[in-house]
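**Q** Just to be clear, the model below is a prediction. Sequence and coordinates:
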Amino acid sequence: MKLVPMKFCGYRWLHNPREIVFETDKRLRESLAHDGGSVLQQTGRRAMVITGEGELFGEDCIAQFQRLLKLFRRGGCGVLAIEGIKPVYAVFESLRLVGTPRRDVLTYRFVFREVTARSGGRPTELTVGQGDTLWDISYRFGIDIDTLVRLNPQVMRPDVLREGEVVRLC
């Protein structure tokens, strides 16, 4: 079986991290009942936190880390795609170099945090950012991919957009 590399905002990991942890929990509110007991009410869930650790291999491992660091510093939100897991709209929250890099191996840790709240109304169009695809935009705004393709006949491939291109959302 061939594993698909982890992806975020146009960056593809050459080697998937050796450890990835998805953590979330439910929000609960406890109220006292008239009979002296209590009632738990589910009020949603907390944003997922995705942590992991991996290695970058090869004589260019420091250059690989520099590219990952550049992505981290760029900031912003995007779709984090990991094989076998439903993609998550997230922000790259933390990147850490672990230990002393060797000539051909570098160990790193990362944290991504799911973005669950959308502020304001949905815009009617969007200026494409670096690494965005119609799939990312579909997930980000909750718009069916077929609808986005129909609204944007100028887009030849949903997985290839030019930074600065304007895409209609409705």
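**A** The structure has been received and is ready for your questions. In this text, all values refer to a predicted model and were calculated from it rather than measured experimentally.

**Q** Pull out the buried positions in stretch 140-160.
**A** For stretch 140-160, the neighbour count (16 or more other C-beta atoms under 10 Å) marks R140, I143, L148, L151, N152, V155, P158 as buried. In short, each C-beta sits where N, CA and C put it, glycine included.

**Q** again but with stretch 106-115, I slipped
**A** For stretch 106-115, burial by neighbour count (16+ other C-beta under 10 Å) applies to L106, T107, Y108, F110, V111, F112, R113, E114.

**Q** Contacts for that stretch next, please.
**A** For stretch 106-115, contacts defined as C-beta atoms under 8 Å, 6 or more residues apart in numbering pick out 8, 17, 24, 47-56, 61-62, 64-65, 68, 77, 80, 88-99, 101.

**Q** Check which helices and strands the lengthiest helix in the chain is in contact with.
**A** Secondary structure assigned by DSSP state H gives helix 61-74 as the longest helix of the chain. Applying 3 or more C-beta pairs under 8 Å, 6 or more residues apart in numbering; DSSP states H and E, we find helix 61-74 packed against strand 11-12, strand 49-57, strand 85-98, strand 105-114.

**Q** Now with 7 Å, please.
**A** Counting contacts by 3 or more C-beta pairs under 7 Å, 6 or more residues apart in numbering; DSSP states H and E, helix 61-74 packs against strand 85-98, strand 105-114.

**Q** for the ones you listed, which one sits closest to S31?
**A** Of all the helices and strands packed on helix 61-74, it is strand 105-114 that lies closest to S31, at 27.7 Å by C-beta to C-beta.

**Q** Can you list the strands that that closest one pairs with?
**A** As defined by DSSP bridges, the strand partners of strand 105-114 come to strand 49-57 (antiparallel), strand 85-98 (antiparallel).

**Q** export those strands to TSV and tack on distance to A33, mean neighbour count and mean pLDDT?
**A** What follows is the strands paired with strand 105-114, written out as TSV (distance: least, C-beta to C-beta, whole Å; neighbours: other C-beta atoms under 10 Å; pLDDT from 0 to 100):
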stretch	distance to A33	mean neighbour count	mean pLDDT
strand 49-57	33	18	94
strand 85-98	36	15	88
